[in-house]
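J.: this one's structure only:
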């Protein structure tokens, strides 16, 4: 278990404060990232690891995660031999904020060079995505083109995080007022952002077909 990267499970109040999907998230200047790493080790078995990280001074949490990737995903790049088969990994992130434009760009570059790594990102809130021409919106579209599945966290995702990453002491997860309504609003907004990416793909396909 790699929870020692940030030492312990998240405290209940800290999880609720940072992951609450409210419209105006004042004072939440950090990004928390809960992760699950999976690797198939046989035809019927899967290795599993999990933990959480948050921003460090001068380093956004998404790029901080990449620093730990070698420890979390041994064999991702093989073991030095050109004929060595690289292992495949599936990683899921649950982030309190969606990635900024620069992190999206660097993640996209990294994933394009690492085809044996699959990444899914669930986000609680969208970071600086209100303006139609924001760089953050373009960054999310770049991630989608790099094969990343980006989704807004729903109740079941919060429940999963509560059970997996939070020191809940057997207490049940209780939805806050507006959780579902805010999820619907954010999910629609994210779909509109990513649909532009699908439109561009259709235009490229029509060009190839000469239409």
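T.: Yes, it's here. Bear in mind that the values here come from a model prediction, so they are computed numbers and not experimental data.

J.: can we go C-alpha only for contacts and neighbour counts from here?
T.: Will do.

J.: low-confidence stretches in this protein?
T.: 1-7, 79-84, 197-211 (pLDDT under 70).

J.: could you pull out the strands for it?
T.: Along the chain, counting by DSSP state E, strands occupy 32-42, 45-54, 89-97, 117-125, 149-152.

J.: starting at the chain centroid, how far to the shortest one?
T.: Average the C-alpha atoms of strand 149-152, do the same for its chain, and the two points are 8 Å apart (CA atoms, centre = their mean, to the nearest Å).

J.: look up how far residue 107 lies from the spatially closest residue to residue 97 that is not a sequence neighbour.
T.: Distances taken as CA to CA, 6 or more residues apart in numbering place residue 125 nearest to residue 97, at 5.0 Å, with adjacent residues excluded. As judged by CA to CA, to the nearest Å, residue 125 and residue 107 stand 19 Å apart.

J.: with neighbour numbers in mind, choose between these two.
T.: Counted by other CA atoms under 10 Å, residue 125 and residue 107 do not tie: residue 125 has more neighbours, with 27 against 22.

J.: now do the same contact list for that one.
T.: Shown in contact with residue 125 (CA atoms under 8 Å, 6 or more residues apart in numbering): 19, 21-22, 96-98, 152, 186.

J.: which residues touch residue 109?
T.: residue 146.

J.: identify the bridge partners of residue 53.
T.: residue 33 (DSSP bridges).

J.: thought it was touching residue 59?
T.: No: contact criterion CA atoms under 8 Å: residue 53 and residue 59 do not qualify, at 11.4 Å.

J.: the two: which has the busier surroundings?
T.: residue 53 (21 against 11).

J.: excluding its backbone neighbours, what's nearest residue 105?
T.: residue 139 (6.0 Å).

J.: what sits against the one you found?
T.: Contacts of residue 139 by CA under 8 Å, 6+ apart are 99-102, 104-105.

J.: how many residues are close by residue 70?
T.: 12.

J.: over to the nearest residue to it once chain neighbours are set aside: give its phi and psi.
T.: Excluding its sequence neighbours, the residue lying closest to residue 70 (CA to CA, 6+ apart) is residue 76, at 7.4 Å. Here is the backbone geometry of residue 76 (degrees, to the nearest 10): phi -60, psi -40.

J.: quick check: residue 76 touching residue 116?
T.: Yes: at 7.3 Å, residue 76 counts as touching residue 116 under the criterion of CA under 8 Å.

J.: identify the contacts common to these two.
T.: Joint contacts of residue 76 and residue 116 (CA under 8 Å, 6+ apart) are 86-89.

J.: picking that back up, what count of nearby residues applies to the residue nearest to residue 70?
T.: 20.

J.: distance check, residue 56 against residue 30.
T.: 9 Å.

J.: residue 142 too?
T.: Taking CA to CA, one finds residue 142 at 23 Å from residue 30.

J.: looking at these two, which is more packed in?
T.: Per other CA under 10 Å, whichever of residue 142 and residue 30 has more neighbours is residue 142, with 21 against 14.

J.: what about the closest residue to that one other than its chain neighbours, neighbour count?
T.: Spatial nearest neighbour of residue 142, chain neighbours left out: residue 108 (6.4 Å); criterion: CA to CA, 6+ apart. Number of residues near residue 108 (other CA under 10 Å) recorded here: 22.
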